[in-house]
Every structure is written in C-alpha cells, then in structure tokens.
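S.K.: Structure for the following, please:
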Amino acid sequence: MHQNQVIDAFDIVLEEIENAIAALNREGAQAFEGGKYDIARDLMEKGSQMTAFRNRVKDL
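M.R.: Numbering: from 1, shown residues only. Here you go, the predicted model:
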C-alpha cells in the first residue's frame, strides 16, 4: 500500500470517528433535554472516549 493510500484510509477512519462523535453529541443533548441525566452522562463518557481515540488516530 502506498503512503497516499494509507493517508486516505486514515482520513476515512477519522471522518467516521467524527460522525460517531457528532451522533453521540446529538443523542446526549436529546437525553439531557429530556431529563434523562444518566443516559446523558453515559453518552458524555462515550464521547470523551471517542474523542481520545480520535486524537490517538490523528497522532498515527
């Protein structure tokens, strides 16, 4: 695999991670607005984990 293909693959992975983080943010906001604080807290934790994962992928 050529270096450009590897970079393209990482860009695709990063885009999917960003999409997942955005979805978690939307779900968390809906849970918070609905007073479902336990769910919102769980989604916030998952969002934090996904953000940390995204940062590790960026470092690669």
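S.K.: other SSEs contacting the lengthiest helix in the chain?
M.R.: Using DSSP state H to define each element, the chain has its longest helix at helix 3-33. With contacts defined as 3 or more C-beta pairs under 8 Å, 6 or more residues apart in numbering; DSSP states H and E, helix 3-33 has these neighbours: helix 37-59. C-beta coordinates here come from the backbone N, C-alpha and C atoms, glycine included.
S.K.: which other helices and strands contact the helix it packs on?
M.R.: Using 3+ C-beta pairs under 8 Å, 6+ apart, helix 37-59 is in contact with helix 3-33.
S.K.: Give me the distance from the helix it packs on to the chain's centre.
M.R.: Averaging C-alpha positions (C-alpha atoms, centre = their mean, to the nearest Å) puts helix 3-33 4 Å from its chain's average.
S.K.: Repeat that for stretch 43-57.
M.R.: 6 Å.
S.K.: got a list of contacts for that stretch?
M.R.: 10, 13-14, 17-18, 20-21, 24-25, 27-28, 31 (C-beta atoms under 8 Å, 6 or more residues apart in numbering).
S.K.: roughly how far apart are the residue nearest the centre of the chain and Glu33?
M.R.: Closest to where the C-alpha atoms of the chain average out (C-alpha atoms, centre = their mean) is Ile21, at 2.9 Å. Ile21 sits 19 Å away from Glu33, going by C-beta to C-beta, to the nearest Å.
S.K.: Likewise for Arg26?
M.R.: Applying C-beta to C-beta to Arg26 and Glu33 gives a distance of 11 Å.
S.K.: And for Phe10?
M.R.: Taken as C-beta to C-beta, the span from Phe10 to Glu33 is 35 Å.
S.K.: between the two, which one's more packed in?
M.R.: Between Phe10 and Glu33, Phe10 has the larger neighbour count (other C-beta atoms under 10 Å), namely 13 against 9.
S.K.: Model confidence for the more buried one, exactly?
M.R.: pLDDT, Phe10: 91.
S.K.: Correct me if wrong: it contacts Leu60.
M.R.: Yes: between Phe10 and Leu60 a contact is recorded at 6.7 Å, counting by C-beta atoms under 8 Å.
S.K.: so which pair among the contacts of stretch 43-57 is furthest apart in space?
M.R.: Phe10 and Ala31 (31.1 Å; C-beta to C-beta).
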